[in-house]
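Enquirer: Pasted the sequence and its predicted model underneath.
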Amino acid sequence: MTTNAIPPNYGNHILVASPNMLVRQRVLDSLHSPVRSFEQATGGAEALLHLENGGWQVLFLDRRLPDLDAEELSATVRRRFPEIEVVLLDSELEPEADSKSGLESTADSVADGSFVYAAEPVLGVHTSATAETELAATAHYTECGAADPLPGMVGNSRIMQPVYRLARLLAPRTTTVLITGPTGCGKEIVARAIHRLSPRAAGAFAVVNCAAIPETLLEAELFGYSRGAFTGAMKSYSGRIQAAQGGTLFLDEIGEMPLSLQPKLLRFLEQKELQRLGSAEVVRVDVRIVSATNAHLLSLVREGKFREDLYYRLCGFPIDIPPLRDRVGDVAQLATHFLEKYSAPRAAPQLSGAALQMLKNHPWSGNIRELQNVMERALILSCDMAVIRAEHLMLGESNGWQ
């Protein structure tokens, strides 16, 4: 079957990510139609930045990316952008091969709203939404070996592998990092791990929670102030940015930063210079910025609550942490970790089969922080018994506790 256009209900935004210009061009030529619009990316990081802008329907993703693992990036895209179809391409091309048949087959499949394996493609086309790809991804992790958890983190589930690998990839660089994910999922732990694995590990790791500091004080806390700059400024204060000289500044809850302060932060990110309140002196600071938020910053940008230029400065590279409900394979390991933590120096109790099943079935709206609290309460309620039973778990309305 040959098709000339994508059905109107499918959409018209297609992104092709490959370092190989020939691959990108062949995909675009094979899918050419007046109703389609295309964008191109040469690597995984660039593709992620395109996807953040929203509106995409299909991502053609080369398996041989120069910066990221394609299988891991595919898993990240499926989690963060479930509405996007992902097609994996094999760009190991034979010069004399004819790519037309394989790609036209793919074009037909896209037009039908599904993906198939091409019979004899030069670009081997697969969809990440199929069971076959899930099995291939599992085989890939088995072959390459699972990445070890980051310092301070627990859990070896496959869905966390992109987080571990991306953090290690970013650690030696100076790229700004934006860590996203729901409350309680471990964003600060990832930020600290990036710092500990970086050449800046000997420097300070300074934390500023933008939601916890009143708007009137946040500027002074970040940039510092000189003596007499305002009533009550009895001595000079260097500020958190300068305190992180040679290290890392972690801006938590960055989506809560007041709009009035965002231009000053943007200027610092661009110039690496700051002025204390009440001082004309310009201080140059060498600091890496890592930010975190549980908000959707691009939505805030569209609502006029967050500057678009600041967003792109902060989001040099995004890392998205999945919620605990998607990490079922890590629940037992995390629960045991917290039992050992709160039992020390005594031996930690074991979890009964029923208790473990309850933990795995719970939706964990509070994520790891909620699990930590549940295990601490379970130890108290068990009265030092050798086994934590189901009745010791306070899981809200799921088991009658209020």
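Expert: All right, it came through fine.
Enquirer: Where does pLDDT dip in the chain?
Expert: Low-confidence regions of the chain, defined by pLDDT under 70, span residues 1-12, 31-37, 91-146, 228-229, 396-402.
Enquirer: what's the residue minimising distance to the centre of the chain sitting at in phi/psi?
Expert: Taking Cα atoms, centre = their mean, the centroid of the chain lies closest to Asp320, which sits 1.4 Å from it. Torsion angles at Asp320 (phi, psi; degrees, to the nearest 10) stand at phi -110, psi 130.
Enquirer: so it bridges to which residues?
Expert: Taking DSSP bridges as the rule, Asp320 bridges to Thr180.
Enquirer: That one touches Thr76, doesn't it?
Expert: Yes: using Cβ atoms under 8 Å, Asp320 is in contact with Thr76, at 6.2 Å. No exception for glycine: its C-beta is placed from N, CA and C like everyone else's.
Enquirer: now the helices for the stretch 1-150 of the chain?
Expert: 21-30, 44-52, 70-80, 100-111, 131-144 (DSSP state H, counting those that start in this stretch).
Enquirer: Now the element after the longest one, going C-ward?
Expert: Going back to what we said before, that points to helix 131-144. Later in the chain than helix 131-144, the nearest helix or strand by DSSP states H and E is helix 161-170.
Enquirer: If you count neighbours, what's buried in that following helix?
Expert: With burial defined by 16 or more other Cβ atoms under 10 Å, the residues of helix 161-170 counted as buried are 161-167, 169-170.
Enquirer: Which member of the residues you listed is positioned nearest Glu370?
Expert: Val163 (19.2 Å; Cβ to Cβ).
Enquirer: I'd like the distance between the closest one and Leu150.
Expert: Between Val163 and Leu150 the computed distance is 8 Å (Cβ to Cβ, to the nearest Å).
Enquirer: shared neighbours of those two, anything?
Expert: Counting by Cβ atoms under 8 Å, 6 or more residues apart in numbering, the contacts common to Val163 and Leu150 are Val190.
Enquirer: what's next to stretch 336-354, contact-wise?
Expert: So stretch 336-354 is contacted by 154, 332, 335, 359, 371-372, 375-376, 378-379, 382, 384-390 (Cβ under 8 Å, 6+ apart).
Enquirer: quick one: buried residues of that stretch?
Expert: So for stretch 336-354, counting by 16+ other Cβ under 10 Å, buried means 336-339, 342, 348-349, 351-352.
Enquirer: And stretch 285-298, by the same measure?
Expert: 285, 287-294, 297.
Enquirer: Let me know the closest of those residues to Ala47.
Expert: Leu297 (18.3 Å).
Enquirer: The closest one contacts Phe306, correct?
Expert: Yes: when contacts are counted by Cβ under 8 Å, Leu297 is listed as touching Phe306 (5.6 Å).
Enquirer: Overlap in contacts, the two.
Expert: Common neighbours of Leu297 and Phe306 are listed as Gly255 (criterion: Cβ under 8 Å, 6+ apart).
Enquirer: contacting residues for Leu49?
Expert: 41, 312, 315, 318.
Enquirer: Swap in 10 Å and give it another go.
Expert: Counting by Cβ atoms under 10 Å, 6 or more residues apart in numbering, Leu49 touches 41, 312, 315-318.
Enquirer: Closest one of those to Gly247?
Expert: Gly316 (17.3 Å).
Enquirer: so what sits against both of Asp320 and Thr76?
Expert: Taking Cβ under 10 Å, 6+ apart as the criterion, Asp320 and Thr76 both touch 48, 162-163, 166.
Enquirer: Spatially, which two of the residues you listed are the most separated?
Expert: Checking these against each other with Cβ to Cβ, the farthest-apart pair comes out as Leu48 and Val163, at 13.4 Å.
Enquirer: For these two, list the residues in contact with both.
Expert: Both Leu48 and Val163 are contacted by 76, 319-320, under the criterion Cβ under 10 Å, 6+ apart.
Enquirer: Quick check: buried residues in stretch 223-233?
Expert: 223-226, 229.
Enquirer: could you show me where the strands are in the chain, in order?
Expert: Secondary structure of the chain by DSSP state E: the strands cover 13-17, 37-41, 58-62, 85-89, 126-127, 177-180, 205-209, 248-252, 273-275, 282-284, 288-293, 317-320, 350-351, 387-388.
Enquirer: how about these in TSV, adding distance to Ala193?
Expert: TSV is the format used below for the strands of the chain (distance: least, Cβ to Cβ, whole Å):
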stretch	distance to Ala193
strand 13-17	27
strand 37-41	27
strand 58-62	27
strand 85-89	27
strand 126-127	32
strand 177-180	10
strand 205-209	10
strand 248-252	11
strand 273-275	27
strand 282-284	28
strand 288-293	10
strand 317-320	11
strand 350-351	27
strand 387-388	29
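Enquirer: ok, back up a step: most neighbours among the contacts of Leu49, please name it.
Expert: Ala41 (23 neighbours; other Cβ atoms under 10 Å).
Enquirer: if I look at it, how far off is Ala47?
Expert: Noted for Ala41: a distance of 4 Å to Ala47, by Cβ to Cβ.
Enquirer: shared neighbours of these two, anything?
Expert: 15-18, 59-62, 65.
Enquirer: Let me see the domain layout of this protein.
Expert: 13-140, 158-320, 324-399 (automatic domain parsing).
Enquirer: and the longest one, how far apart are its ends?
Expert: So that's domain 158-320. 14 Å (Cα to Cα, to the nearest Å).
Enquirer: Which one of the shared contacts of Asp320 and Thr76 is nearest to Leu324?
Expert: Nearest to Leu324 among those, counting by Cβ to Cβ, is Val163 at 13.0 Å.
Enquirer: Now do the same contact list for that closest one.
Expert: With contact taken as Cβ under 10 Å, 6+ apart, Val163 is in contact with 72, 76, 147, 149-150, 153, 155, 179, 181, 185-186, 190, 193, 319-322.
Enquirer: let's see 8 Å
Expert: 150, 190, 319-322.
Enquirer: do the same with Pro149
Expert: Counting by Cβ under 8 Å, 6+ apart, Pro149 has contacts 155-156, 160, 164.
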